[in-house]
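> any chance you could fold what I've pasted below:
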Amino acid sequence: MKKIVIATSNINKVAEYSKLLKGIEVLSLKDLKDNSEIIEDGVSYIENAKIKAEFISKKYGIDCIADDSGIEIKAMNNEPGIYSARFMPGFSYDDKMRTIINKVKDKDRSCRYVCAIAYKRVGYDSVCFEDYCYGFVNETIAEGKYGFGYDPIFYYPKLDKCLNQVNDEIKNEISHRAKALRKFMRYFNEIQ
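Here you go, the predicted model:
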């Protein structure tokens, strides 16, 4: 079975990848016992994803997938964007989400999740895939037991729910990461 390292220690992301990458053995940075501090200083999601994938692939001599993702909120000039994970450093996600809800009150609440995936195959240039999930900033932090990050305020109108209220099976059909991974899998199956 093909092995690919996912350049993350985020157990939620690893679980998503493991479910979506059928027929591939998924390893994480925790499996490699890697604590590298990778500087994401790109100016786009794709650049940041490539930085991570290329660093880990070169370090271990193994194929690697990395992603960079974020939430872009129209009323906030598409912020926090590539800085979504680093938005309001030192604050909890609940604090971050409350701040966002207050900033967009009485404004255009449309937003989108963006995910860029870079795949670095040993001996080849990186290839990248990007996709989106469109929704609105919810007026409150929704109660729910699924998802992570900004999912409790990401309202998905087609389901009339926030993404933290949607089980993994449904989320893996509609999410930005799932859509970008499907693009990757089409490419990956073609090169096998």
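
> C-terminal to the helix or strand of the chain with the lowest mean pLDDT, which secondary structure element comes first?
Lowest mean confidence among the helices and strands of the chain (mean pLDDT, DSSP states H and E): helix 11-20, at a mean of 84. Helices and strands here follow DSSP states H and E; after helix 11-20, the next one along the chain is strand 24-28.

> quick one: mean pLDDT over that next one.
What strand 24-28 shows for mean pLDDT is 91.

> for the least confident helix or strand of the chain, packing partners?
strand 2-6, strand 24-28, helix 168-174, helix 176-191 (3 or more Cβ pairs under 8 Å, 6 or more residues apart in numbering; DSSP states H and E). All C-beta spots, glycine's among them, are computed from the backbone N, C-alpha and C.

> partner strands of the first one and their direction?
By that I understand strand 2-6. As defined by DSSP bridges, the strand partners of strand 2-6 come to strand 24-28 (parallel), strand 64-73 (parallel).

> quick one, it and helix 176-191 angle?
Relative orientation of strand 2-6 versus helix 176-191 (axes from the mean of the first three to the mean of the last three Cα atoms, to 10 degrees): 150 degrees.

> most tightly packed of the strands paired with strand 2-6?
strand 64-73 (a mean of 26; mean count of other Cβ atoms under 10 Å).

> and the gap between the most centrally placed residue in the chain and Gly149?
With distances taken as Cα atoms, centre = their mean, Ser69 lies nearest the centre of the chain, 4.0 Å away. Using Cβ to Cβ, to the nearest Å, one gets 8 Å for the distance from Ser69 to Gly149.

> next, show the common contact partners of these two.
Shared contacts of Ser69 and Gly149 (Cβ atoms under 8 Å, 6 or more residues apart in numbering): Ser84.

> just to check, Asp168 is in contact with Ser18?
No - Asp168 is beyond contact range of Ser18, at 10.7 Å (criterion: Cβ atoms under 8 Å).

> who's in contact with stretch 46-65?
With Cβ under 8 Å, 6+ apart, stretch 46-65 has contacts from 2-7, 17, 27, 29, 32, 34, 36, 38-42, 66-68, 82, 116-122, 126, 128, 130, 184.

> can you select the buried ones among those residues for me in ChimeraX?
This is how ChimeraX selects the buried members of the contacts of stretch 46-65, with burial counted by 16 or more other Cβ atoms under 10 Å:
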select :4,5,6,7,17,27,29,32,34,38,40,42,66,67,68,82,116,117,118,119,120,121,126,128,130,184
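
> I'd like the average pLDDT over stretch 53-65.
96.

> mind listing what's buried in it?
Buried-residue list, stretch 53-65, by 16+ other Cβ under 10 Å: Ala53, Glu54, Phe55, Ile56, Ser57, Ile62, Asp63, Cys64, Ile65.
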